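> Sequence first, then the predicted structure:
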Amino acid sequence: FFMSNRALIVVDVQNDFVSGTLAVNESEGIVEKINTVRNKFDTVVFTKDWHPSDHCSFAKNHDKEPFSSIEYKGLPHTLWPVHCVQNTDGAKLHENLVVNEDDITFLKGTDKECECYSAFCDVFGKDTNFANSLKEKNITEIYVCGLALDYCVLQTALDG
């Protein structure tokens, strides 16, 4: 008899993506939806962009405009406004998001030299150890939601 252990992966529902420097349109509404469904899962994991201030994805660190593109270490690279800097209000999970004591938080984008949209690996394919942390919890199914759908949520879902 096989029992599934389902995890809800909540990607980057942080202040900078809700109402800050990289706000996603109409993103406030997702918080209530996540709070409503979270109890249907055995495990809830919150990923957080957790960038150092000198992160390679920040336009200001290249003297460029936000949303411009450059080639960086052989790959096309979109440059962003400064966002989700470690230990800032913008990097905090949204205040109305229900976070329980036994939930897991996973930090990504911590390497200043590398962009990391997916929780599973960076843009160069380097493993983040996220998959191993799910296996250690005997997770057999994942469901992915969060912000922003066209980058971090998409890449996490594809890599999961």
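Structure's in. What do you need?

> going forward, measure contacts and count neighbours with C-alpha atoms only.
Noted.

> For the helix or strand bottoming out on mean pLDDT in the chain, output the C-alpha coordinates as CSV.
Each helix and strand of the chain was given a mean pLDDT (mean pLDDT, DSSP states H and E); the minimum falls on strand 75-78 at a mean of 93. What follows is strand 75-78, C-alpha atoms only, in CSV (Å, rounded to 0.1, in the frame of the first residue of the first chain):
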residue,chain,number,x,y,z
LEU,A,75,23.8,33.2,-20.9
PRO,A,76,21.2,35.9,-21.7
HIS,A,77,20.4,37.6,-18.4
THR,A,78,17.5,39.9,-17.5
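
> can you give me how far it is from the chain middle?
Taking CA atoms, centre = their mean, to the nearest Å, one finds the center of strand 75-78 at 18 Å from the center of the full chain.

> again with stretch 12-24
For stretch 12-24, the distance to the chain centre is 11 Å (CA atoms, centre = their mean).

> shaky segments in the protein?
When residues are selected by pLDDT under 70, those of the chain lie in 1-4.

> biggest helix in it by residues?
The single longest helix within the chain, with elements called by DSSP state H, is helix 28-37.

> Whichever helix or strand comes after it - contacts with which helices or strands?
With elements assigned by DSSP states H and E, the helix or strand that comes after helix 28-37 is strand 43-49. Contacting strand 43-49 under the criterion 3 or more CA pairs under 8 Å, 6 or more residues apart in numbering; DSSP states H and E are the following elements: strand 6-11, strand 104-108.

> Ranking the ones you listed by mean neighbour count, which comes first?
Of all these, strand 6-11 carries the top mean neighbour count, a mean of 22, counting by mean count of other CA atoms under 10 Å.

> Remind me what that strand packs against, helices and strands.
Using 3+ CA pairs under 8 Å, 6+ apart: strand 6-11 touches strand 43-49, strand 141-146.

> which residues make contact with whichever helix or strand comes after the first one from outside it?
This means strand 43-49. Next in sequence after strand 43-49, counting helices and strands by DSSP H and E, comes strand 69-72. Strand 69-72 has contacts (CA atoms under 8 Å, 6 or more residues apart in numbering) with Pro76, His77, Thr78, Leu79.

> Name the residues of stretch 117-125 that come out as buried.
Neighbour counts over stretch 117-125 (16 or more other CA atoms under 10 Å) mark Tyr117, Ser118, Ala119, Phe120, Cys121, Asp122 as buried.
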